[in-house]
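*Asks:* One predicted model, sequence on top.
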Amino acid sequence: GGRLAVVADSGGGKSALRQDMIDWINTTGERVTVIEPYVIGMEDSHRRGKALMAADITGAVIRAVSPGTSLRMSLQDRAAQMHNILKASAQVGQRHVLIIEEAHALAIPTLKHLKRFYELQDGFKKLLSIILIGQTELEKKLSEHNPEVREVVQRCEMVKLPPLDNHVEAYLRHKLGRAGLQFDAVFAGDAVDAIRATLRQAVSETVRGQRQAREQSLCYPLAINNLVTRAMNEAVKISAPKVNAALIAAAVRGA
């Protein structure tokens, strides 16, 4: 019955978390209906693509919870139809979660309408949980300083997935362990520091009217995976026994 926003840069593991949750639901047999509305080429403006509208979400809820049901024509009748379907489903013990990927591309009107979906209840029982998954632009859209979305933000928990940074070695040990390999058999002692250094970049931003430089880490799972894969391929080319800092640098030059 809650609202959650999951925010991270591209490759930060957002989709993996969603897949893991759905796998958990399927594996454990939890009585949870997952609703995932989407439109191809979703953008927050019809000028740049196709916006996901409240009507699209209503239709997705009805189709997921009550497959085969014909959608009512008017939007008001369809909203009432959705509410009744959710109540009937909840009364037999089913729970429902609405997951919107690429939520940073949601139009502001659609974000505002999510409050209406969250307010769907049967007595005191919430009928729909909402999870928004998006890149860092979503955090800006859900700012408490934005009066247009203030009502949506007030009861929405936000979780930001940070870069791995000091956990790079533990992450690689876990990945290799899943494949039955030992980290120390693949990587030299200087490799992890080289990975961290490679996946940092200098960025500039304006703070109170002044340009400031800062360092930004890109040590996200996808970036680490891509860099390490290239470095391992470089090691194979020269028959190197392990991936070291020099091979990490060679992987960057060859990218």
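*Replies:* Arrived safely.
*Asks:* quick one: the strands in the stretch 1-150 of the chain?
*Replies:* 3-7, 32-35, 95-100, 121-122, 125-126, 129-134 (DSSP state E, counting those that start in this stretch).
*Asks:* Paired strands for the third one, with orientation please.
*Replies:* Going back to what we said before, that points to strand 95-100. Looking at strand 95-100 with DSSP bridges, its partner strands are strand 32-35 (parallel), strand 129-134 (parallel).
*Asks:* Could you do the fifth one as well?
*Replies:* If you go by DSSP bridges, strand 125-126 pairs up with strand 121-122 (antiparallel).
*Asks:* contacts for the partner strand?
*Replies:* 86, 87, 90, 91, 127 (C-beta atoms under 8 Å, 6 or more residues apart in numbering). The C-beta positions use only the backbone N, C-alpha and C, and glycine is treated the same way.
*Asks:* buried set for stretch 233-240?
*Replies:* Neighbour counts over stretch 233-240 (16 or more other C-beta atoms under 10 Å) mark 234, 235, 240 as buried.
*Asks:* Also stretch 157-171?
*Replies:* 161, 163, 164, 168, 169, 171.
*Asks:* same thing with stretch 180-191?
*Replies:* For stretch 180-191, the neighbour count (16+ other C-beta under 10 Å) marks 183, 186, 187, 188, 191 as buried.
*Asks:* In contact with the last one, which residues?
*Replies:* Think residue 191. Counting by C-beta under 8 Å, 6+ apart, residue 191 has contacts 231, 242, 243, 244, 245, 247, 248.
*Asks:* Same list, those residues, but as CSV with pLDDT and secondary structure please.
*Replies:* As requested, the contacts of residue 191 are arranged in CSV below (pLDDT from 0 to 100; DSSP: H, G, I helix; E, B strand; the rest coil):
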residue, pLDDT, secondary structure
231, 97, helix
242, 97, coil
243, 97, strand
244, 97, coil
245, 97, helix
247, 97, helix
248, 96, helix
